[in-house]
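Undergrad: Sequence and predicted structure below; questions after.
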Amino acid sequence: MGAKEFDYYIFIDYSENLIGYLILKKEEIKNCLSKISRFRHYREAKKRKLYLKNARKTFNKKELLGCFCKKKIRAVMETPEIFFDIAEFLKENSDSFIFVSVDNRQFSNFEKFVKVIDGKNVKIVRESDLRKHTPEYQINLVLDTWLNIERMKIG
């Protein structure tokens, strides 16, 4: 995203009663992007069930989640566990430059949260501010799609 290169990319998103995150090393970006060329935002899919069925095949066949060094989906009630994992990761990698995309509704809370743990090398961006067709936007679609696949398993 621009001139500054990040060491890690973190994506945090919600889908109804689920929250999830993905953490990606910069070295894995090209590998990940090569596997997701056909991903789109779930709301843009005309045939949503078919989109998720095909996306699930991509996840399984291409071992998509293997690109990520850390990943997790939990019920929204377990949001503290997700934030704890991310805090731990940020502390362990405090010398790294880290890009974080956060769901719009949680942006201000997450921003305060990162300041508490001294996130000087952390750039936090609202999910809605990701520009279409950028690597960050495309990788955020992986989390969006994964959340929707999991949500459909439950519902």
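TA: Right, received. Where do you want to start?
Undergrad: Please report the number of neighbouring residues for residue 38.
TA: 10 (other CB atoms under 10 Å). C-beta here means a position set from N, CA and C on the backbone, and glycine is covered the same way.
Undergrad: Relative to residue 55, how far out is it?
TA: Counting by CB to CB, to the nearest Å, the separation of residue 38 from residue 55 is 8 Å.
Undergrad: ok, now which ones touch the nearest residue to residue 67 once chain neighbours are set aside?
TA: Of all residues not flanking residue 67 in the chain, residue 32 sits nearest, at 4.1 Å (CB to CB, 6 or more residues apart in numbering). Going by CB atoms under 8 Å, 6 or more residues apart in numbering, residue 32 touches 24, 64, 67-68, 139, 142.
Undergrad: at 10 Å instead, please
TA: Residue 32 sits next to 9, 22, 24-25, 62, 64-68, 135, 138-139, 142 when contact means CB atoms under 10 Å, 6 or more residues apart in numbering.
Undergrad: hmm, which of those residues are the buried ones?
TA: Buried by 16 or more other CB atoms under 10 Å: 9, 22, 24-25, 64, 67-68, 135, 138-139, 142, out of the contacts of residue 32.
Undergrad: SS state for the residue nearest to residue 67?
TA: Classification of residue 32 by DSSP: H, G, I helix; E, B strand; the rest coil places it in helix.
Undergrad: which one of the buried ones among the contacts of residue 32 is nearest residue 101?
TA: Among these, residue 9 lies closest to residue 101 (CB to CB), at 7.7 Å.
Undergrad: Assess the claim that that closest one and residue 29 are in contact.
TA: Yes - between residue 9 and residue 29 there is a contact under CB atoms under 10 Å: 7.4 Å.
Undergrad: Can you work out which residues contact both of these two?
TA: Here residue 9 and residue 29 have 135-136, 139 as joint contacts, going by CB under 10 Å, 6+ apart.
Undergrad: pLDDT at residue 110, what is it?
TA: As predicted, residue 110 sits at a pLDDT of 87.
Undergrad: got the contact list for the spatially closest residue to residue 15 that is not a sequence neighbour?
TA: Spatial nearest neighbour of residue 15, chain neighbours left out: residue 147 (3.7 Å); criterion: CB to CB, 6+ apart. Going by CB under 10 Å, 6+ apart, residue 147 touches 13-16, 18-20, 42, 73.
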